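Trainee: Give me the fold of what follows.
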Amino acid sequence: MNVAIFGAAGAIGRIALPELLGRGHRVRIVGRDAKKLAALTFSPLLREFVEMYCLFTHPVVLDDALLRSVLPDVRKTLYDAAIPATVRALRAQQETVRV
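Mentor: Sure, this is the predicted structure:
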């Protein structure tokens, strides 16, 4: 059966699309946002990009003033130091679980 979904990137369309495809229907999708429509049909990576797109267009500014008012002696850790330390800790934790 041929089916058209209007508003395919919306809440109901996102549920209906895989269901209809899974039942073997030929589906045409219609929507206002090309990025969201592409994400529905092409790849999980593209879906993730659409979800995260707002972080590229509307930067998030973090303010630690409240934290510093409660914990004035807290020190910042640079990403260059924090990321490798986190990876090392996670690997060590995995090794502990395997033993």
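
Trainee: The chain: helices as residue ranges?
Mentor: Here the chain has its helices, by DSSP state H, at 11-22, 34-41, 44-57, 65-70, 79-98.

Trainee: among the helices and strands of the protein, which has the poorest mean pLDDT?
Mentor: None of the helices or strands of the chain scores lower by mean pLDDT, DSSP states H and E than helix 34-41, at a mean of 64.

Trainee: How much space separates the most centrally placed residue in the chain from residue 7?
Mentor: Geometric centre of the chain, nearest residue: residue 48, 4.3 Å, by CA atoms, centre = their mean. From residue 48 across to residue 7, the span is 21 Å (CB to CB, to the nearest Å). From N, CA and C alone the C-beta is placed, and that goes for glycine too.

Trainee: and if you look at residue 31?
Mentor: On the measure of CB to CB, residue 31 and residue 7 end up 6 Å apart.

Trainee: Overlap in contacts, these two.
Mentor: Counting by CB atoms under 8 Å, 6 or more residues apart in numbering, the shared contacts of residue 31 and residue 7 are residue 13.

Trainee: Among those two, which residue is more densely surrounded?
Mentor: residue 31 (17 against 14; other CB atoms under 10 Å).

Trainee: list the contacts for that one?
Mentor: Residue 31 touches 6, 7, 8, 9, 10, 13, 37, counting by CB under 8 Å, 6+ apart.

Trainee: nearest to residue 93, of those residues?
Mentor: residue 9 (38.7 Å; CB to CB).

Trainee: For the closest one, give me the pLDDT.
Mentor: Turning to residue 9, the model gives it a pLDDT of 73.

Trainee: do the same with residue 42
Mentor: You'll see residue 42 listed with a pLDDT of 62.

Trainee: pLDDT weak spots in this protein?
Mentor: Confidence mapping of the chain against pLDDT under 70 gives the ranges 34-43, 46, 98-99.
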